[in-house]
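Colleague: what's the 3D shape of this:
(one chain, ligands or ions: 1)
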Amino acid sequence: MNTIVVKDYNELSKMAASIVAEQITAKPECVLGLATGSTPLGMYRELVKKCSEQKLSFSGVRTFNLDEYIGLSKNNENSYYYYMMKNLFEHIDIKTENIHIPDGSAVDVDEECVKYENAINASGGIDLQVLGIGKNGHIGFNEPDLYFEAATHKVRLDSETIQANSRFFPNSDQVPRYAVSMGVKTIMKAKRILLLASSGEKAEALYKALAGPITPDVPASILQVHQDVVVLADESAYCMFRKKGA
Ligand code: GLP
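Modeller: Model prediction:
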């Protein structure tokens, strides 16, 4: 595991965008796994900037998003589809047919999960998967559990996640209770993983994920056994390692 600690969110966003840009430059037809949430917003802004300055092209890139709420339509401002369109896809030269986001309004969610997993496999697999981390150690929407859920699946969201994500909704009652998420095995099959962590709110989750036991109770802890993970954290998110003298 390669850990990079940067000063603040601004540096984290720039460094994350450089890592993604290097991947695209090395393999213009690469497959990217993408994340939502507040953390990658700065990275997306930097990538949009690189594209508008013609320093980067997504014309050959294919993308697969980690997850989507169940029950929100694509034009709902809180859907991850909407987030991705507004924060990245509408501003870059990616081909629409190369964008993949689980369909949270699919009539048959189980069928959607199988189709999504098959599409990832058919793409040749994810070259670089970007991940955030939840305060409870989740990755995608893989919540703390008794076992690691392997493939793309329907998830019941944890009360902590509903609480954390309620900041985007008028109130917590409006946060969907279910989501579709890539599974842990789907994520672990990515050739390279970039885990982003910013702010003191993530310090404990990051510490448990990287220095604690590997357990489905802290889903991100499974990353300890992946052969190519870059952890990119700012000082606030990394503070527990400093305190423990790691
Ligand atoms: C959401 C997403 C995750 C994301 C996490 C952290 O629940 N499903 O993919 O990593 O929240 O989000 P944030 O970056 O807003 O803290």
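Colleague: So which helix or strand of this protein has the lowest pLDDT on average?
Modeller: Lowest on mean pLDDT, DSSP states H and E among the helices and strands of the chain sits helix 159-165, with a mean of 91.
Colleague: how deep is the nearest residue to residue 87 once chain neighbours are set aside tucked in, by neighbour count?
Modeller: Of all residues not flanking residue 87 in the chain, residue 44 sits nearest, at 4.7 Å (Cβ to Cβ, 6 or more residues apart in numbering). To be clear about C-beta, it is placed using only N, CA and C from the backbone, and glycine gets the same treatment. Residues near residue 44, counting by other Cβ atoms under 10 Å, number 25.
Colleague: From residue 17, how far off is residue 44?
Modeller: 8 Å (Cβ to Cβ, to the nearest Å).
Colleague: go on, residue 46?
Modeller: For residue 46, the distance to residue 17 equals 3 Å [Cβ to Cβ].
Colleague: Report the distance from the helix ranked longest in the chain to the chain centre.
Modeller: The longest helix of the chain (DSSP state H) is helix 9-26. How far helix 9-26 lies from its chain's middle: 14 Å, per Cα atoms, centre = their mean, to the nearest Å.
Colleague: Could I get the pLDDT score of the residue of the chain most remote from its centre?
Modeller: In the chain, the residue that sits farthest from the middle, by Cα atoms, centre = their mean, is residue 245; the gap is 28.6 Å. As predicted, residue 245 sits at a pLDDT of 73.
Colleague: Against residue 233, how distant is it?
Modeller: Relative to residue 233, residue 245 is positioned 17 Å away (Cβ to Cβ).
Colleague: One more: residue 152?
Modeller: Residue 152 is 27 Å from residue 233, where distance means Cβ to Cβ.
Colleague: Looking at these two, which is more packed in?
Modeller: residue 152 (27 against 24).
Colleague: Give me the pLDDT for the more buried one.
Modeller: With respect to pLDDT, residue 152 scores 97.
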